[in-house]
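Trainee: got a structure for you, letters missing:
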């Protein structure tokens, strides 16, 4: 069970590190691009998903982490440990997996919708609110 707890710590730190990595990649790509907005962000996210080696490794680790958490709950039950810490660490990592999947789907759908609106010529300050200053290609956004 202590090995599981150590593994849960490593999984948590890996998830945090990947979140910073993904944010860094998206922001760096959008700053270097000529045009911003939802379409550019969705295109860059698609490029990362399809071609980034770190993303591929993380997906494999993420899936292995989910399986590891289910095993960890089983180990916690069979070992008769008095502490609930192994259970809660596995439960919280599984909740992270669930909600990161839900968030990714919602984020992708919202970018798709805003990208479709951009394609129709609709420009909105609401888009800048959600997607940041990178969607303001003219540079006339709030200072």
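Mentor: Structure's in. What do you need? Fair warning: this is a prediction, and the values are worked out from it, not measured in the lab. Numbers count the residues shown, from 1 in each chain.
Trainee: alpha carbons only for contacts and neighbour counts from here, please
Mentor: OK.
Trainee: what's the longest helix along the chain packed up against?
Mentor: Longest helix of the chain, by residue count under DSSP state H: helix 85-119. Contacts defined by 3 or more CA pairs under 8 Å, 6 or more residues apart in numbering; DSSP states H and E place helix 85-119 against helix 2-32, helix 38-51, helix 53-79.
Trainee: and those, which one is worst for confidence?
Mentor: In terms of mean pLDDT, the lowest-scoring of those is helix 38-51 (a mean of 85).
Trainee: how far away from the center of its chain is that one?
Mentor: Relative to the centre of its chain, helix 38-51 is centred 13 Å away, using CA atoms, centre = their mean, to the nearest Å.
Trainee: now the angle between helix 2-32 and it, please.
Mentor: Helix 38-51 and helix 2-32 are oriented at 130 degrees to each other (axes from the mean of the first three to the mean of the last three CA atoms, to 10 degrees).
Trainee: helix 38-51 packs against which elements?
Mentor: helix 2-32, helix 53-79, helix 85-119.
Trainee: can I get those in CSV including mean neighbour count and distance to residue 44?
Mentor: What follows is the helices and strands packed on helix 38-51, written out as CSV (neighbours: other CA atoms under 10 Å; distance: least, CA to CA, whole Å):
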stretch, mean neighbour count, distance to residue 44
helix 2-32, 14, 7
helix 53-79, 15, 13
helix 85-119, 15, 11
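Trainee: which one of the ones you listed lies nearest to residue 42?
Mentor: helix 85-119 (6.2 Å; CA to CA).
Trainee: what mean pLDDT does that closest one get?
Mentor: Here the average pLDDT along helix 85-119 is 90.
Trainee: still on that earlier bit, including distance to residue 38, could the helices and strands packed on helix 38-51 go into a markdown table?
Mentor: Below are the helices and strands packed on helix 38-51 laid out as a markdown table (distance: least, CA to CA, whole Å):
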| stretch | distance to residue 38 |
| --- | --- |
| helix 2-32 | 10 |
| helix 53-79 | 21 |
| helix 85-119 | 5 |
